[in-house]
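**Student:** following is a predicted model, sequence given first.
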Amino acid sequence: MLHFIVDGYNLINKIAEIKNLSLSDKRSYLVFLLEDFRRTTSLNNKISVVFDGREDVIPSEVLSRRIEVMFSKGESADLLIKKLVKNSSSPRSILVITEDKAIINYVRSRGANSEKSSEFLKKLKKRLKKKRELEDNFKIDTFKAYQITEELRRIWEEKY
């Protein structure tokens with residue numbers, strides 16, 4: 001089992017296609033990409049995405065059961081990522097996704113692995129492109145379908 005720890009805003013800032021979206025939609029899109037990525041890897045893998053800030057800045061529909069969405073709450077996301085690696089009982093199973101050289105150096109010194117956000121994004125886009133090619137017969141865009149599904153899940157949980 002691998003544990004992917006994603007520097008959220010670092011990766012968001014690499015996604016050119018979403019630069020004109022609101023910050024909330026950017027976070028939603030990233031979670032969507034990561035969920036899609038998780039489905040194409042082992043379901044035993046864990047994915048955590050770390051953002052600077054407070055949880056109350058993110059709409060509940062972005063929160064995911066499959067992706068752990070974390071907020072630094074008064075400390076930097078960089079520090080939270082370092083703590084996750086430091087407190088891990090198996091740092092060799094961790095892959096941190098970031099461009100931040102200080103984080104990369106730190107996680108490697110702890111025995112964890114790292115991958116640059118730009119390289120990880122290439123993999124995400126390649127997988128998404130393959131998936132879209134398979135979904136060309138559908139009239140609804142994949143991201144909109146994700147938003148609808150998450151909204152229906154939220155409504156269902158509120159009622160039942």
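**Tutor:** Structure's in. What do you need?
**Student:** quick one, phi/psi of N45?
**Tutor:** N45 adopts backbone torsions of phi -70, psi 150, taken as degrees, to the nearest 10.
**Student:** er, S90 actually
**Tutor:** phi -140, psi 70.
**Student:** kindly provide the distance from L34 to K159.
**Tutor:** For L34, the distance to K159 equals 27 Å [CB to CB, to the nearest Å]. C-beta coordinates here come from the backbone N, C-alpha and C atoms, glycine included.
**Student:** give me the more crowded residue out of those two.
**Tutor:** L34 (24 against 6; other CB atoms under 10 Å).
**Student:** break down the protein into its helices, ranges please.
**Tutor:** For the chain, the helices defined by DSSP state H cover 8-12, 23-39, 77-86, 101-109, 117-134, 142-159.
**Student:** ok, which of these comes nearest I47?
**Tutor:** Closest to I47 of the helices of the chain is helix 23-39 (CB to CB; 5.3 Å).
**Student:** and the angle for that closest one with helix 117-134?
**Tutor:** 70 degrees (axes from the mean of the first three to the mean of the last three CA atoms, to 10 degrees).
**Student:** helix 23-39 to helix 142-159, inter-axis angle?
**Tutor:** Going by the same axes, to 10 degrees, helix 23-39 makes 90 degrees with helix 142-159.
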